[in-house]
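Peer 1: sequence first, then the predicted structure:
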Amino acid sequence: MHITHSYKGSVQGSFRYSFFVLYEDYIQAQSSFSSDFDLMLERFARNMRDEGVVVRPFLGDVEKAKSDVLTKNWSPKHLKELEKTPGLLVINKDFDEFDPQEHQWLYLNFGGRVYDSPVRVDEYQDILASLAEIVSDPESDFFRDAVPVVRQLKIESFAEIFEAKPGIFGFSVDLKKSAIILREMFECICSPYQLVRGCVA
């Protein structure tokens, strides 16, 4: 995992995908979350091997790094999505070259502000493990293959998970809602009362 003061100048190098971490300004609510989150991201970065890299700012440069991302050529709709932090912006270009209107991207947001009823960090592990498997496969296309990670979710929940409808180049996925739905489905499948609760396995 790379730690930097600014995302400007970040190069793709030999990696196929770069995951840029977006935090809110370093308030206490996110500081307690980010310490656990960083450990999970280290594991995620390790599991991607030489195919992907996680880039995050030094704690004192959270706002600067976020500004580097927000000043890109985003549509108003997508800019609104990027304001939901913490999250990971996935691209496959050098950062300075990246243009969201011309290049593929995916924003994995973790459910808006973490002080609004956050799920536990460990609830994201299965989703990130699946994404790491996709990235670590040199034959995969992350922007094509990441979407089926949520195939096991109830189809009516797709609209909640994909906050911004897939466009030509990129879209945003709400991992908090994905994690909650996965947990509910697991509890549903394991419950002897699944028919009473109206669950669909």
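Peer 2: On my side now, so go ahead.
Peer 1: switch to C-alpha atoms for all contacts and neighbour counts from now on
Peer 2: Fine.
Peer 1: count of neighbours near residue 78?
Peer 2: Using other Cα atoms under 10 Å, residue 78 has 19 neighbouring residues.
Peer 1: double-check that it belongs to a helix.
Peer 2: Yes: using DSSP: H, G, I helix; E, B strand; the rest coil, the assignment for residue 78 is a helix.
Peer 1: which parts of stretch 4-20 are buried?
Peer 2: Within stretch 4-20, the residues that qualify as buried by neighbour count (16 or more other Cα atoms under 10 Å) are 4, 6-7, 10, 12, 15-20.
Peer 1: what do you get for stretch 87-103?
Peer 2: Applying 16+ other Cα under 10 Å to stretch 87-103 flags 87-95, 98-100 as buried.
Peer 1: buried residues in stretch 62-74?
Peer 2: Neighbour-count burial for stretch 62-74 flags 62-66, 69-70 (criterion: 16+ other Cα under 10 Å).
Peer 1: just to revisit the earlier point, now the two most distant members of the buried residues of stretch 4-20.
Peer 2: Maximum pairwise distance in the buried residues of stretch 4-20, criterion Cα to Cα, is 20.2 Å, between 6 and 16.
Peer 1: how about the buried residues of stretch 4-20 in a markdown table, adding secondary structure, distance to residue 109 and pLDDT?
Peer 2: Output for the buried residues of stretch 4-20, formatted as a markdown table (DSSP: H, G, I helix; E, B strand; the rest coil; distance: Cα to Cα, whole Å; pLDDT from 0 to 100):
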| residue | secondary structure | distance to residue 109 | pLDDT |
| --- | --- | --- | --- |
| 4 | strand | 21 | 94 |
| 6 | coil | 20 | 96 |
| 7 | coil | 18 | 97 |
| 10 | coil | 21 | 96 |
| 12 | coil | 22 | 91 |
| 15 | coil | 22 | 96 |
| 16 | coil | 21 | 95 |
| 17 | strand | 17 | 96 |
| 18 | strand | 15 | 97 |
| 19 | strand | 12 | 96 |
| 20 | strand | 11 | 97 |
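Peer 1: now those as JSON lines including distance to residue 46?
Peer 2: Listed next are these as JSON lines, based on distance: Cα to Cα, whole Å:
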{"residue": "4", "distance to residue 46": "18"}
{"residue": "6", "distance to residue 46": "22"}
{"residue": "7", "distance to residue 46": "20"}
{"residue": "10", "distance to residue 46": "19"}
{"residue": "12", "distance to residue 46": "17"}
{"residue": "15", "distance to residue 46": "13"}
{"residue": "16", "distance to residue 46": "14"}
{"residue": "17", "distance to residue 46": "13"}
{"residue": "18", "distance to residue 46": "13"}
{"residue": "19", "distance to residue 46": "13"}
{"residue": "20", "distance to residue 46": "15"}
